[in-house]
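Engineer: Any chance you can model this:
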Amino acid sequence: IEHLSAREAEYAMVARPWPTELEALLQNRGLTRLYAHQARAIDAIRDGENVMVATGTASGKTLCYNLPVLEAILRTPMSRALYLFPTRALARDQCRALKELVAGSSLDGLRQGVYDGDTPPGTRTRLRRHASVLLSNPDMLHIGILPNHTGWGTFLRHLRFVVLDEAHVYRGI
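Structural biologist: Below you'll find the model as predicted:
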C-alpha cells in the first residue's frame, strides 16, 4: 500500500478556442476551466493524435473525448464516433450522461444511442443509419457491426473517433 499526499489541482486552457455553441454549452454547465490533463488530451485529439488517458476516478476523463467529438460534429455534422464500454450498464450510463451534457444546448438533438443486445431491432436500424455517437461494447462490435459492415457503410465511412473505455479489461478478439 502506498499513501499519496493530496496535491493542488492543475488547470489549463485548450490551445484553440471552442466553437461558439460548445463554449455556450460549457458555460451553461459551469465548466469554466479544465484540468491540465483534460486540456492536454483534448489538444492532442484535436491535432489528430491517438490518446490514452489514465487518471483517477472522477477526474474528468469522459470530457477528454466528449468535447472533441461534439466539436467535430458541430464542424462536420456527418462525423461519427463509436464509444466501446466493457459493459452494457456502463454504456447506458454514459449515454445518459452525454444526453445530460448536451440538454438545452444547440446539440440537444444529437443523434446518439446504445447498440447492445437489449436494443430493439427498429432502434438498431435507426442507430445504424443515423447515429452520430454510437455507444456499444466489444461483443456487439464483433457480432453485430463488423460482420454486417456493408450495412454500416455510411457510419464507418464517416467514423472519426473510436473511444475505448476501460481499455485494460479487453481480452480475446
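Engineer: quick one: the helices in the protein?
Structural biologist: 20-28, 36-46, 61-75, 88-102, 121-130, 138-140, 153-157 (DSSP state H).
Engineer: so which of these is the most packed in?
Structural biologist: Mean neighbours per residue, mean count of other Cβ atoms under 10 Å, is largest over those for helix 61-75, with a mean of 20. Every residue, glycine included, has its C-beta placed from N, CA and C.
Engineer: re the thing from before, tell me which of the helices of the chain lies nearest to Glu166.
Structural biologist: For the helices of the chain, the distance to Glu166 is smallest for helix 88-102, at 7.4 Å, taking Cβ to Cβ.
Engineer: so how far is His130 from Arg124?
Structural biologist: 11 Å (Cβ to Cβ, to the nearest Å).
Engineer: Would you mind naming the residues that bridge with the spatially closest residue to Tyr65 that is not a sequence neighbour?
Structural biologist: Using Cβ to Cβ, 6 or more residues apart in numbering and skipping the chain neighbours, the partner closest in space to Tyr65 is Val163 (4.8 Å). Note on Val163: beta-bridge partners by DSSP bridges are Tyr83.
Engineer: any idea how far Val163 is from Arg40?
Structural biologist: In terms of Cβ to Cβ, Val163 sits 17 Å off from Arg40.
Engineer: again with Tyr65
Structural biologist: Tyr65 sits 13 Å away from Arg40, going by Cβ to Cβ.
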